[in-house]
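S.K.: no sequence on this one, just coordinates:
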């Protein structure tokens, strides 16, 4: 029986992606104007960004163990082997919720094949790991081999991103209020990356044009076999900038496959509109 790939909404795949690759989606919760919504299902990222632009401050919460338990039991009853690739445990408690649910379900279905991986990835970097796993699952590859490849891709996935307004990172506790104020005043664009699952400041660049150029320089420094791998770009309702970055990448590296998706609500609620993120592998051995 084919392995079922499961991912949460922080992977920033579209509904079309989930359908095409037969991935089971588990939504995080977005809280906006005292109402709770399911990320990507009952609220769109565009709605969240529009509300943020007029001063709203959405919050997010992890998937509950109960939600995972209901889902896991469905597959356990069918004896369908599953691989759940989780949003970084350093950024959300969703991975821990899944582990709690797994223990409960396996107590009743001890022979069920289930693996949970903390990808330590986020947004479309996480999504690219999920897509690769789903491609292998559709080919009939066994769970242990998909797990091995997924862990490799997750470990070697680079995340390079910038935000349009430091105020959103301040609200999320990523930068101090003074840093946000000074950065906005001086038009400083922060470059950040993900290290061991955490968001880490990398550089400060003055000016939007320079920041895209620097992202590509870092890509050249860190990437491997860029021409032949799938590159990911995610954006906070800033498609034109994402498309501009994609064109710069094609010109520089002759890349064949660039996937552009919008940053979903669960990540966008913290990074804000105008975010641009770039994802690629620093090793393509597997």
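M.R.: On my side now, so go ahead. Computed from a predicted structure; not experimentally measured.

S.K.: the bottom helix or strand of this protein by mean pLDDT?
M.R.: Least confident element among the helices and strands of the chain, by mean pLDDT, DSSP states H and E: helix 177-185 (a mean of 46).

S.K.: just checking, next helix/strand downstream of it?
M.R.: strand 188-195 (DSSP states H and E).

S.K.: look up the closest residue to the residue located most distally from the centre of the chain, ignoring the ones flanking it.
M.R.: What lies farthest from the middle of the chain is residue 108; by Cα atoms, centre = their mean that is 31.8 Å. Among residues not flanking residue 108 along the chain, residue 76 sits closest, at 7.4 Å (Cβ to Cβ, 6 or more residues apart in numbering). For glycine as for every other residue, the C-beta is placed from the backbone atoms N, C-alpha and C.

S.K.: my guess is the one you found contacts residue 104. True?
M.R.: No - between residue 76 and residue 104 there is no contact under Cβ atoms under 8 Å: 10.3 Å.

S.K.: coming back round to it: and the residue nearest to residue 108, how far from residue 284?
M.R.: For residue 76, the distance to residue 284 equals 35 Å [Cβ to Cβ, to the nearest Å].

S.K.: so if I had to pick from residue 76 and residue 104, which one is more boxed in?
M.R.: The residue with more neighbours, out of residue 76 and residue 104, is residue 76; 21 against 15, by other Cβ atoms under 10 Å.

S.K.: what's the strand or helix carrying that one in contact with?
M.R.: For residue 76, the host element (DSSP H and E) is helix 65-78. For helix 65-78, contacts defined as Cβ atoms under 8 Å, 6 or more residues apart in numbering pick out 4, 6, 24, 26, 82, 97-98, 100-102, 104-106, 108-109, 112, 114.
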